[in-house]
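K.L.:
the sequence isn't on hand, but the structure is:
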């Protein structure tokens, strides 16, 4: 089969997926998307590596395609969804993790719960801070990968 036969199908699929989950609100912030955000703090507790290995780091990525998130917690991979509102409003669904237990399970539980409690974000330089509605300090702090 030739590429010409697949082009209409690819365009139709792209259009259909691009129209999903539109909230009619603000366009996704380009600085939030298309980046891997490495977890550095959970409730002001530093996080250096994941329990996967001495070199793996916990992270989150935001994708405009389906407003989805993927990431790695201290113990498990996870996925979820997000929505952006006006200003810096951000809501994340409760992440769905794989089911591996590990010695730092309590830290992962706090990480995932804090993601689900997020109501707004702030990006300053290479840092992403996620806040809930009840505290002044960020619940989660990330650093853009490669920085």
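P.N.:
Perfect, I can see it now. All figures in this text were calculated on a predicted structure; none of them were measured in a lab.

K.L.:
just give me how far stretch 130-145 sits from the chain centre.
P.N.:
Taking C-alpha atoms, centre = their mean, to the nearest Å, one finds the center of stretch 130-145 at 12 Å from the center of the full chain.

K.L.:
could I get the buried residue list for it?
P.N.:
130, 131, 132, 138, 139, 140, 141, 142, 143 (16 or more other C-beta atoms under 10 Å). C-beta coordinates here come from the backbone N, C-alpha and C atoms, glycine included.

K.L.:
list the contacts of that stretch.
P.N.:
The contact list for stretch 130-145 (C-beta atoms under 8 Å, 6 or more residues apart in numbering) reads 35-44, 59-60, 90, 111, 114-115, 117-122, 126-129.

K.L.:
what about the helices in this structure?
P.N.:
3-18, 105-116 (DSSP state H).

K.L.:
can you flag the weakest of those by average pLDDT?
P.N.:
Averaged per stretch, pLDDT over these is lowest on helix 3-18, reaching a mean of 43.

K.L.:
in the chain, where is pLDDT below threshold?
P.N.:
1-28, 49-55, 147 (pLDDT under 70).

K.L.:
at 90 instead, please
P.N.:
1-31, 34, 45, 47-57, 65, 74-75, 86-87, 100-105, 135, 146-147 (pLDDT under 90).
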